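Student: A predicted structure for the sequence below; I have some questions about it.
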Amino acid sequence: MTDLLRNLSSVLSEADGKLAMGASAAARVWPTGFEPLDTYLSGGLRSGELTLLGGPQGLGKTTFALQLLRNAVVAGEAGLYFSYEHDAATVLERLIAVEAAEVAGEEAVSLRRIREAMEASDGRLGGLEDRLAGTQGGAEAVRAVAGYADRLFVHRSNGSTTSGEEIARVVAETAERAGRTPLAIVDYLQKVAVPGNLETEEERVTVIVEGLKDLALDAEVPVLAVVAADKEGLVAGKRLRINHLRGSTALAYEADVVLIMNEKYDVVARHHLVYDVGNAERFRNYAVISIEKNRSGLDRIDLQFRKRFEQGRFEPEGAPVAEQLVDERVFIE
C-alpha cells in the first residue's frame, strides 16, 4: 500500500495514538494575530490549506501579510516570506516599525525614521539600536526583532527563477533549519515562475495555484499567497470581489480561504456619506477585509481594521463593519 492510499482504520489508529500522547490529531493552526479574524477562521491559518489575500494596489496587502507573519512568529512559530518585490532589509524595516508600535502605540517611531537609520542618513553613529535610541520604541523594537529573527526567513524571490518547485524546496529547507514547520507567505502569486511556454496568464496562474495547494497538503504547511486584482476590480467606488482576482477561476476553486481587502470609503453605501460628511475622512482610515471563502467556518464576513501606515501596520484589533457595504456606488468626494 502506498502512502497515497490508506484505509480509514489506519487513519483512526494514528489519530488515537496522537491523542493518547496528548498531541493534536487534527490540522495545526497558526494564529494571524488579528481579531476578530482569528475567531471567524476558527483560530487562524491551518496546515494543509491555501489562503489567498487579494486587494487593490496600495491598500496594504504586503503590510497585512508581513504583520500576520510576524504575529505567528511571535507566538512561537516559524515563518517564511517569499518576497518578489522587496529585499530583506525592507522587510526588517517594516518589522521594526511594527514592534515599535507594540511598545509605544501611536507615538511610536515612524517607518520613515527607521528607514533613515537603516540608510545611515540620520546623522547618527553606531548600529541600528544606537541610531534608534531616544525614539519612541525604536531601540526596544530592534531587540524584539532580534528575539525571533532566527525563526523568520526571507527568500529574495525572482519572477524568472523562483518557481513552485523552488518554493517547495525552500519550505523544506526552512523547516529543517528552524526545527519546525513554517507558515509560508508568497508575495505575490502572479510573479511565481512557471517553466515552459504557457501562452496565457490564466494557464500560468492555474499551474501556480494548483502547485501551492499541493505544497500546502504535501508539506502540511499553511500557505498564504498575495494576489493581484484585474483592471475591472481597481475602479474607484467599485468593490473588489473574488472574481476580480487576476488570472484564473482556479484561484477560487483551489483556495481554502479567500480574504479580499477594500478601501472602506470606496465600498460603503452612499447614504453614510450624504448624511454625515465627516464620515468620509474617517472611512478612509480603514480597510475592510472580507472573508469571501472559508472551508473551515463562516464566510461573507466583513471586518474593518484601522490603517497605521506611517508605522507600516494595521491595528490588530478590528471589528465587524457596522455600515452597509455595496458592490458599486456613485463616487462621492
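Tutor: Happy to help now that I have it. Residues are numbered from 1 along each chain as shown.

Student: not counting its neighbours along the chain, what's nearest Gly33?
Tutor: Nearest non-adjacent residue to Gly33, counting by CB to CB, 6 or more residues apart in numbering: Asn71, 2.6 Å away. C-beta: built from backbone N, CA, C; applies to glycine.

Student: pretty sure Asn285 sits against Lys307.
Tutor: Yes: counting by CB atoms under 8 Å, Lys307 is a contact partner of Asn285 at 5.8 Å.

Student: who's more crowded, those two?
Tutor: Set side by side, Asn285 and Lys307 show unequal neighbour counts under other CB atoms under 10 Å, the larger going to Lys307 at 19 against 15.

Student: isn't that one up against Val288?
Tutor: No: counting by CB under 8 Å, Lys307 stays clear of Val288, with 11.1 Å between them.

Student: ok, Glu199 - contacts?
Tutor: Residues near Glu199 by CB atoms under 8 Å, 6 or more residues apart in numbering: none.

Student: and what about it, helix, strand or coil?
Tutor: Three states are possible here, and by DSSP: H, G, I helix; E, B strand; the rest coil the one that applies to Glu199 is coil.

Student: which phi and psi does it have?
Tutor: Its backbone dihedrals place Glu199 at phi -80, psi -40, with angles given as degrees, to the nearest 10.

Student: ok, now Ala255?
Tutor: Reported as degrees, to the nearest 10, the phi and psi values for Ala255 are phi -70, psi 150.

Student: same check on Ile301?
Tutor: Dihedral pair for Ile301: phi -110, psi 130, per degrees, to the nearest 10.

Student: hang on, the earlier thing: pretty sure the residue nearest to Gly33 contacts Glu35?
Tutor: No: with contacts defined as CB under 8 Å, Asn71 does not count as touching Glu35, sitting 10.6 Å away.

Student: and the two? which has more neighbours close in?
Tutor: Neighbours per residue, other CB under 10 Å: of Asn71 and Glu35, the larger number sits with Asn71, 21 against 15.

Student: do you know how far the more buried one is from Arg313?
Tutor: Applying CB to CB, to the nearest Å, one obtains 11 Å for the distance of Asn71 from Arg313.

Student: same check on Ala117?
Tutor: Relative to Arg313, Ala117 is positioned 18 Å away (CB to CB).

Student: anything in contact with each of Asn71 and Glu35?
Tutor: Counting by CB under 8 Å, 6+ apart, the residues touching both Asn71 and Glu35 are Pro316.

Student: wait, what's in contact with the residue nearest the centre of the chain?
Tutor: When the chain is reduced to its mean C-alpha position, the closest residue under CA atoms, centre = their mean turns out to be Ala65, at 2.4 Å. Applying CB under 8 Å, 6+ apart, we find Ala65 in contact with 53, 81, 185, 187, 224, 226.

Student: by neighbours, which of those wins?
Tutor: Neighbour count (other CB under 10 Å) singles out Leu224 as the most crowded of those, with 29 neighbours.
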